[in-house]
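*Asks:* Pasting the sequence and the predicted coordinates here, then a few questions.
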Amino acid sequence: MKREFELKAALPGDAAAVRERLAGAGWSLSFEGLMSDRRFDTPARSLESRDEVLRIRCMTSASGESRTLLGWKGPAAEEDGYKVRPELETVVQEMETAVAILESLGYSEVIFAIDRRVAVYEKGRVYARIETYPAMDVLVEIEGDPDRIEMCFAEVGLPREAWKPWPLEEFVRRYEERTGSEARLSGEVPGD
């Protein structure tokens, strides 16, 4: 089973500068568009209580092409400063059928909806994803082998101490605390 190693950082400035640095350092843009996640659980929130995630992710490019993924993530842990968790993911042909299957199994409640505009860059099996939300800090997530990730911080342009193994909810909490405004993770995303 694949284990996902990741870190996130809030961008202090413009995402365009990070995009330019990545392109200049040889990263290739592998996807740009809208990424929407819907997390499912039972009414009793049995998955959430075990720190598991069951989601359907739809990625729609600027040209309108879309790809839907069904995914499961196991409990998160911190290892050598990284957020680590087991992950299984597969492409599904029909989103409606996948939702119907989940609902038939008792996972009928969407407990968390996330919509963001993303730009995904790739270099040597490391992925950097710039995420723009309806109302929240722009985040950069970097995922891959920890040894390779460590070599990429300078190319992204953020110091190592800016990268955190935190869940998205912690970035939301800090945004709201800092700004006094409510974060919005779903709905219309800037650029739509």
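*Replies:* Cool, the structure landed. Numbers count the residues shown, from 1 in each chain.
*Asks:* quick one: stretch 69-82 to chain centroid distance?
*Replies:* 12 Å (Cα atoms, centre = their mean, to the nearest Å).
*Asks:* cool, and stretch 58-69?
*Replies:* 15 Å.
*Asks:* Scan the protein for its longest helix.
*Replies:* helix 168-179 (DSSP state H).
*Asks:* who does that one touch, helix- and strand-wise?
*Replies:* strand 2-10 (3 or more Cβ pairs under 8 Å, 6 or more residues apart in numbering; DSSP states H and E). (C-beta placed from N, C-alpha, C; glycine too.)
*Asks:* now the helix or strand following the strand it packs on against strand 2-10, angle please.
*Replies:* Per DSSP states H and E, the first helix or strand lying C-terminal to strand 2-10 is helix 15-24. Between the axes of helix 15-24 and strand 2-10, defined by axes from the mean of the first three to the mean of the last three Cα atoms, to 10 degrees, the angle is 130 degrees.
*Asks:* what's the average pLDDT for helix 15-24?
*Replies:* For helix 15-24, the mean pLDDT works out to 94.
*Asks:* same question, stretch 31-43
*Replies:* 95.
*Asks:* List the buried residues for it?
*Replies:* Phe31, Glu32, Gly33, Leu34, Met35, Ser36, Asp37, Arg38, Arg39, Phe40, Asp41, Thr42 (16 or more other Cβ atoms under 10 Å).
*Asks:* who touches the last one in this structure?
*Replies:* Shown here is Thr42, whose contacts under the criterion Cβ atoms under 8 Å, 6 or more residues apart in numbering are Gly106, Tyr107, Ser108, Glu109.
*Asks:* for the first one, same thing?
*Replies:* If a contact means Cβ under 8 Å, 6+ apart, then Phe31 has Met59, Ser61, Val118, Ala119, Val120 as its contacts.
*Asks:* These: which two are farthest apart?
*Replies:* The span of those, defined through Cβ to Cβ, is set by Met59 and Ala119 at 11.9 Å.
*Asks:* Now the phi/psi pair for Arg160, please.
*Replies:* phi -50, psi -40 (degrees, to the nearest 10).
*Asks:* shouldn't it be in contact with Phe153?
*Replies:* Yes: between Arg160 and Phe153 there is a contact at 5.3 Å, judged by Cβ atoms under 8 Å.
*Asks:* Between those two, tell me which one has more neighbours.
*Replies:* Set side by side, Arg160 and Phe153 show more neighbours around Phe153, with 17 against 12, by other Cβ atoms under 10 Å.
*Asks:* can you tell me how far the residue of the chain most remote from its centre sits from Ser66?
*Replies:* Here the centre of the chain is the reference, and by Cα atoms, centre = their mean the most remote residue is Ser104, at 26.6 Å. Look at Ser104 and Ser66: by Cβ to Cβ, to the nearest Å, they are 23 Å apart.
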